[in-house]
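Engineer: Just to be clear, the model below is a prediction. Sequence and coordinates:
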Amino acid sequence: MNNDGQEAGISGGGAVRVNGGSASIINNTFACNRSAYVGTGSPGLGGGAIFSTSTSTITNNIFYDNRAGSGWSVYTGTTLSYCDAYNPGQSNTQANHYYSPGSVSGNMYYSDPSFLNAGYWNDNGTPNDWSDDTWVSGDYHLQSDSPCIGAGTNTGAPADDIEGNPRPINGTCEIGAYEYAGQ
Ligand SMILES: [Ca+2]
Ligand SMILES: [Ca+2]
């Protein structure tokens, strides 16, 4: 699935919040989600894209320009593998993207996924006030130069992509919601 341009309450999980239990979150594209801005302070705590209070499995996902006070992409308690996390113009460190994750392996760090057309928030000239922002949607198909092509794992991946195209194409799964079939 695509999760883009969503906003959560100040305690986080812009797109997905897992309280108890566990979730498997595989082959998604999370773009520009955010935990809501708190007054004139900083963005809300915890997980611009995913907030989990339990152990979840997060594989083959793109996290693009998600925002939170801690854990731009994911907040705590997870097994993270074969994901790409990238925030344009920001300091793309593991600590910024993943706040207190569990097992972390096989991730591809901090490469622009090269979407056909990334969505974005129009800040209406007031970057410190999110309340008047409007969402401009995008197209998250990968371009031919995307580093996410062939960078995922086939293990546990769904047999088709978000559009029903077979997965994998060319032997190995892409990271994100779309297999790349050439455009
Ligand atoms: Ca604004
Ligand atoms: Ca492929």
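Structural biologist: Looks like it arrived, so ask away. Keep in mind the model is a prediction, meaning the values are calculated, not measured. Ligands and ions are numbered 1, 2, ... in the order given.
Engineer: Tell me how many other residues crowd residue 158.
Structural biologist: Residue 158: 11 surrounding residues under other CB atoms under 10 Å. Backbone N, C-alpha and C define where each C-beta goes, glycine included.
Engineer: right, and it touches residue 28 too?
Structural biologist: No. Judged on CB atoms under 8 Å, residue 158 makes no contact with residue 28 at a distance of 10.3 Å.
Engineer: just the helices in the protein please.
Structural biologist: Secondary structure of the chain (DSSP state H): helices located at 94-97.
Engineer: Contact distance from ligand 1 - what residues of it qualify?
Structural biologist: 123-124, 126, 129, 132-133 (CB under 5 Å from the ion).
Engineer: if you set the cut-off to 8 Å instead, what comes out?
Structural biologist: 121, 123-133 (CB under 8 Å from the ion).
Engineer: of these, buried ones?
Structural biologist: Taking 16 or more other CB atoms under 10 Å as the criterion, what is buried in these is 121, 130, 133.
Engineer: In CSV, list those along with pLDDT.
Structural biologist: Formatted as CSV, those follow (pLDDT from 0 to 100):
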residue, pLDDT
121, 90
130, 82
133, 88
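Engineer: now, which of these sits nearest residue 146?
Structural biologist: residue 121 (22.4 Å; CB to CB).
Engineer: Does that closest one have any beta-bridge partners, and if so which?
Structural biologist: Counting by DSSP bridges, residue 121 is bridged to residue 135.
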